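Visitor: coords below, sequence missing:
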């Protein structure tokens, strides 16, 4: 498959290295982290334009600062292509203004071989932003990062269960692996309504309760465009030893300078850790 060209560089985030690095550093400098207990297993990050969700995503990726190398299993929703199952970009690299991010091809092959519902299929990835928006922070913070990029289609329960089990099979025993769920929360509600709705999803994550989150999403009592990825990553993280979730930051798009509070999108950053 070769190089996957950046789809939203120059629009959703700066397309040149210097202004991109400056904006990333601005967001990272403003993020103040609590002390995280134990071993990092998984992260949750938003995926809107860098101006809007970058201040929250910086909390997610500041956790990784100081690591030299890492394989990030990226799981996000497909916004532009409808399909069943899970689509993996299995070879090559993803282009970014900071340089290419290689696919961990061996890990991707293990993920694909773990379940027939998971397929090597580049088409849904070509114009998708949910994974691409993770790459500037990852490439900047971890110089030798590699990725396993997976997009979920319908995000139904059977897909979630299949992907969770496959992530466990592909990541178990790897000290250099971190699972990353890409998701925004409520969309285009007044801030007061969005914050109330989002608090339910944030609470499920904080309790590390993927079953409650899955039931909430199925009954439409909460909204997250990457709800399926979050549940799959939470389930896999628990199987890999995670026992605690720490919500690092919640905000909405209206919190940026001059932001519109009448129609906002919710963002969350979280870290899932296992006892040392």
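Guide: Looks like it arrived, so ask away. Please read all numbers here as calculations on a predicted model, not as lab measurements.

Visitor: Neighbouring strands - and their directions - for the helix or strand of the chain with the lowest mean pLDDT?
Guide: For the chain, counting by mean pLDDT, DSSP states H and E, strand 187-189 ranks last in confidence among helices and strands (a mean of 94). According to DSSP bridges, strand 187-189 forms sheet pairs with strand 264-274 (antiparallel).

Visitor: residues making contact with the least confident helix or strand of the chain?
Guide: Strand 187-189 has contacts (Cβ atoms under 8 Å, 6 or more residues apart in numbering) with 197, 223, 225, 263, 264, 265, 266. Heads up, the C-betas are built off the backbone N, CA and C, glycines and all.

Visitor: For the residues you listed, which entry has the maximal number of neighbours?
Guide: Sorting the contacts of strand 187-189 by how many neighbours each has (other Cβ atoms under 10 Å) puts residue 266 first, at 29 neighbours.

Visitor: how deep is the nearest residue to that one once chain neighbours are set aside tucked in, by neighbour count?
Guide: Excluding its sequence neighbours, the residue lying closest to residue 266 (Cβ to Cβ, 6 or more residues apart in numbering) is residue 185, at 3.2 Å. When neighbours are defined as other Cβ under 10 Å, residue 185 has 28 of them.

Visitor: What residues does residue 185 make contact with?
Guide: Residues near residue 185 by Cβ under 8 Å, 6+ apart: 46, 194, 197, 198, 201, 202, 223, 224, 265, 266, 267, 268.

Visitor: Where does confidence bottom out across those residues?
Guide: pLDDT across these is lowest for residue 223, at 91.

Visitor: Please, which helix or strand holds that one?
Guide: For residue 223, there is no host helix or strand (DSSP states H and E).

Visitor: Can you check the pLDDT for residue 257?
Guide: Reading off the model, residue 257 has pLDDT 70.

Visitor: ok, which stretches of the protein are helices?
Guide: Along the chain, the segments classed as helices by DSSP state H run 17-30, 50-62, 105-113, 135-141, 157-171, 191-206, 210-218, 227-239.

Visitor: Reformat those helices as CSV; add distance to residue 180.
Guide: As requested, the helices of the chain are exported to CSV (distance: least, Cβ to Cβ, whole Å):
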stretch, distance to residue 180
helix 17-30, 16
helix 50-62, 8
helix 105-113, 13
helix 135-141, 8
helix 157-171, 11
helix 191-206, 14
helix 210-218, 16
helix 227-239, 7
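
Visitor: Between those, which one is closest to residue 10.
Guide: Nearest to residue 10, of all those, is helix 17-30, at 9.8 Å by Cβ to Cβ.

Visitor: Look up the pLDDT of residue 37 for me, please.
Guide: 84.

Visitor: what do you get for residue 232?
Guide: Reported pLDDT for residue 232: 98.

Visitor: do the one 3 residues further on as well
Guide: With respect to pLDDT, residue 235 scores 98.

Visitor: who touches it in this structure?
Guide: Residue 235 neighbours (Cβ under 8 Å, 6+ apart): 160, 161, 164, 210.

Visitor: What's the mean pLDDT across stretch 204-220?
Guide: In this model, stretch 204-220 has a mean pLDDT of 96.

Visitor: got the buried residues for it?
Guide: By neighbour count on 16 or more other Cβ atoms under 10 Å, the buried set for stretch 204-220 is 204, 205, 206, 208, 209, 210, 212, 213, 214, 216, 217.
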